[in-house]
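> build the 3D model from these lines:
(2 chains)
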Protein chains: 2
Amino acid sequence: MMSIDVKSLIHEGAALTDRALESLIPSVETVPASIHGAMRHSVFAGGKRLRPVLVYQAGITIAGALPKGIERLGSALEMLHTYSLIHDDLPALDNDDLRRGKPTCHKAFGEAIAILAGDALQTRAFEVLAGLECPPAATVQIIGLVANAVGTVDGMIGGQVLDIESEHKKPTPELVDAIHRAKTGALIRVAVVSGGVYGGATAEQTARLDLFGRKAGLAFQIADDILDLTADSATLGKTPGKDQATEKATWPAVYGIDQSRRDAARLIDEAFAALEPFGHHADGLKEVARFLVERKN
Amino acid sequence: MMSIDVKSLIHEGAALTDRALESLIPSVETVPASIHGAMRHSVFAGGKRLRPVLVYQAGITIAGALPKGIERLGSALEMLHTYSLIHDDLPALDNDDLRRGKPTCHKAFGEAIAILAGDALQTRAFEVLAGLECPPAATVQIIGLVANAVGTVDGMIGGQVLDIESEHKKPTPELVDAIHRAKTGALIRVAVVSGGVYGGATAEQTARLDLFGRKAGLAFQIADDILDLTADSATLGKTPGKDQATEKATWPAVYGIDQSRRDAARLIDEAFAALEPFGHHADGLKEVARFLVERKN
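The predicted model follows:
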């Protein structure tokens, strides 16, 4: 494997995404101003753009170079991720006042506008996807995959529901697996798969990216759970132990910290194995995945 | 014009839509059950399926007969309409306990699940659109048009924001026009246009349907505003005068009842004129539009 500067790679992918988001979300001068201000407040609140970076690296894995216009796909997934955070933070759900050190959308703009801003980011994401610069059949495939990953059956919204309903219940292995697979795993997985489809992946290549995304997505979530338990507040940038305080279903709560670390390492090995036929075109994707599992915040 | 039984035509369109929605929304046995129960509660709360009926009649206007599989498109628009009602009814927005005589989604399932059920109906609508049985290029066009009609710039969400922000302000003609065009008009218009595109409309035919949808959509909303002021509670099935009580921007509030009636009649004439080249294939679409403007509840 070539030596890759994974931090620059992530930094460049984030910068590409930020430029695209800047042009794809209506300006604060566009009427009605409040909703566009609220959408921008949350989209530009300092997110790391990890899903878009996975989209780009999956595109490179298939096409050998960054496919033209793929930043629209990355931006659409970031809009969907941001919409889910805005709604998750609402008083009726997690009731969070701060995210990444800034007031959450409803604290800054009120609940009504926050609900509508989340709605609007979802809508705009699908509108942006409908404008992808790839063959219409690939666009339709990507929209179907993304909508499925956001949805209620093994998708992000389904995971949010399971998560809400699991609070103050004893977490079982099955429940933790189902929540992780759906709540965060589905969007990670579709980032990798849709980036590949955009890059022109065959059905067999798409299946390999899907396997990679499934394994790596679960590894990221386990790493996140461990981080929440072990990091101090300064490193993490948010209140650590919050999952524990609300008795949320996490991997360490079921398997303990040591087993969780071993599971994350094993899942990454299995994820990498799925990419073997892509050779060095997959180096960036692998390095980003390794970085996400080994990160400290 | 042939004699058309518009009530059976609407009834059959609604039945077609109900059967499609039944199969397109996961059952209440599908995990997580609560969200599917909440989605079904609101989707099957007695809506008249007027947007789907417009989709079907627009399809017939272009294709001369009901295009195969068009009920997926009608159902997707009904899901989007229902999602907007669920979020509009939330305590942070209109704070309504009842809709069509039944408890609103958040009264029946709690606020968290109601927010997510609205989100999920939007997602499922786009997933259903991605599965339309028409050429991929038409599917992509329809998804782009629908997302635009739901969005913040002259779309449904933008209209909701203007509506919220206009309460307790003196309504101006410009504001009332902007709200009507966006909040309800955009989805009516896209029902007609997307039904036509699904039926294989040329660009020139699409432009005619767009003009029809714009004029007729505004006429429906004016008729709705008049109905809210003049009908009694028993006929209307909801509390009349609610718009007046909250000083919402309505057409009669700006122009008075008599002028509003004349405007609705003139708009329908202009809408019909746009359909002239379609001959008797447009009879059903015209009759449905006339029925919607002349209805008593």
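> in chain A, what secondary structure element scores lowest on mean pLDDT?
Using mean pLDDT, DSSP states H and E, helix A:233-236 stands out as the lowest-scoring helix or strand of chain A, at a mean of 53.
> contacting residues for residue A:133?
A:68, A:69, A:72 (CB atoms under 8 Å, 6 or more residues apart in numbering or on different chains). For glycine as for every other residue, the C-beta is placed from the backbone atoms N, C-alpha and C.
> can you list the residues of the stretch 101-250 of chain A near chain B?
Residues of the stretch 101-250 of chain A that fall close to chain B, judged by CB under 8 Å from any CB of the partner chain: A:110-113, A:115-116, A:118-120, A:122-124, A:126-127, A:129-131, A:135-137, A:139-141, A:143-144, A:147-148, A:150-153, A:155, A:157-158, A:160-162, A:164-165, A:178.
> how about a cut-off of 7 Å?
The stretch 101-250 of chain A comes close to chain B at residues A:111-112, A:115-116, A:119-120, A:122-124, A:126-127, A:130-131, A:136-137, A:139-140, A:143-144, A:147-148, A:150-153, A:157-158, A:160-162, A:164-165, as judged by CB under 7 Å from any CB of the partner chain.
> buried subset of these, written for ChimeraX?
The ChimeraX command for the buried members of those (criterion: 16 or more other CB atoms under 10 Å in any protein chain shown) is given here:
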select /A:111,112,115,116,119,120,122,123,124,126,127,130,136,139,140,143,144,147,148,150,151,152,153,157,158,160,161,162,164,165
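> so which of the residues of the stretch 101-250 of chain A next to chain B are in helices?
Using DSSP state H, the members of these that fall in helices are A:111-112, A:115-116, A:119-120, A:122-124, A:126-127, A:130, A:136-137, A:139-140, A:143-144, A:147-148, A:150, A:157-158, A:160-162, A:164-165.
> quick one: distance of stretch A:21-41 to the chain centre.
22 Å (CA atoms, centre = their mean, to the nearest Å).
> next one: stretch A:114-126
16 Å.
> and stretch A:216-225, by the same measure?
On CA atoms, centre = their mean, the centre of stretch A:216-225 falls 11 Å from that of its chain.
> now do it, average pLDDT.
Per-residue pLDDT over stretch A:216-225 has a mean of 93.
> now stretch A:289-297
84.
> report the buried residues of that stretch.
Buried, per 16+ other CB under 10 Å, within stretch A:289-297: A:289, A:290, A:291, A:292, A:293.
> quick one, what contacts the second one?
The reference is to residue A:290. residue A:268 (CB atoms under 7 Å, 6 or more residues apart in numbering or on different chains).
> go again using 10 Å as the cut-off
A:4, A:6, A:216, A:219, A:268, A:271, A:272 (CB atoms under 10 Å, 6 or more residues apart in numbering or on different chains).
> out of the residues you listed, who has the most neighbours?
residue A:216 (30 neighbours; other CB atoms under 10 Å in any protein chain shown).
> now that one: how far from chain B?
Using CB to the nearest CB, to the nearest Å, we find residue A:216 at a distance of 23 Å from chain B.
> got a winner among the contacts of residue A:133 for most neighbours?
Busiest of these [other CB under 10 Å] is residue A:72, holding 20 neighbours.
> just the buried residues of stretch A:289-297 now: which is nearest chain B?
residue A:292 (25.3 Å; CB to the nearest CB).
> could you measure the closest one against residue B:150, distance?
33 Å (CB to CB, to the nearest Å).
> any buried residues in the one helix or strand residue A:214 maps to, and which?
Using DSSP states H and E, residue A:214 sits within helix A:203-230. Going by neighbour count (16+ other CB under 10 Å), the buried part of helix A:203-230 is A:205-206, A:208-226, A:228-229.
> which stretches of the stretch 151-297 of chain A have low pLDDT?
A:232-247, A:296-297 (pLDDT under 70).
> ok and the residue in it nearest chain B?
Closest point on the stretch 151-297 of chain A to chain B, by CB to the nearest CB, is residue A:161, at 4.2 Å.
> and the residue nearest to that residue when sequence neighbours are not counted, how many neighbours does it have?
Leaving aside its sequence neighbours, residue A:161 sits nearest to residue B:32 (CB to CB, 6 or more residues apart in numbering or on different chains; 4.2 Å). Using other CB under 10 Å, residue B:32 has 23 neighbouring residues.
> and what of residue A:58?
Residues near residue A:58, counting by other CB under 10 Å: 34.
> swap in residue A:265?
15.
> and for residue A:251?
Around residue A:251 there are 27 residues (other CB under 10 Å).
> what distance do you get for it to residue A:227?
Distance from residue A:251 to residue A:227, by CB to CB: 11 Å.
> can you give me the strands for chain A?
Secondary structure of chain A, counting by DSSP state E: strands at A:98-99, A:102-103.
> helices or strands next to the first one in the packing?
To tie it back to what came earlier, the one meant is strand A:98-99. Contacts defined by 3 or more CB pairs under 10 Å, 6 or more residues apart in numbering or on different chains; DSSP states H and E place strand A:98-99 against helix A:70-89, helix A:105-109.
> can you lay out those as a markdown table showing distance to residue B:18 and mean pLDDT?
Output for the helices and strands packed on strand A:98-99, formatted as a markdown table (distance: least, CB to CB, whole Å; pLDDT from 0 to 100):
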| stretch | distance to residue B:18 | mean pLDDT |
| --- | --- | --- |
| helix A:70-89 | 29 | 98 |
| helix A:105-109 | 35 | 98 |
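> out of the ones you listed, which is the most enclosed?
helix A:70-89 (a mean of 26; mean count of other CB atoms under 10 Å in any protein chain shown).
> tell me the contacts of residue A:112?
Per CB under 10 Å, 6+ apart, neighbours of residue A:112: A:34, A:38, A:106, B:87-88, B:90-94, B:160-161, B:164-165.
> closest one of those residues to residue A:77?
The shortest gap between residue A:77 and any of the contacts of residue A:112 belongs to residue A:38, at 19.7 Å (CB to CB).
> name the nearest residue to the closest one, ignoring sequence neighbours.
residue A:117 is the one closest to residue A:38 (CB to CB, 6+ apart), at 3.8 Å.
> so what's the one you found scoring on pLDDT?
The per-residue pLDDT reported for residue A:117 equals 98.
> how about the one 10 residues further on?
At residue A:127, the predicted lDDT confidence score is 98.
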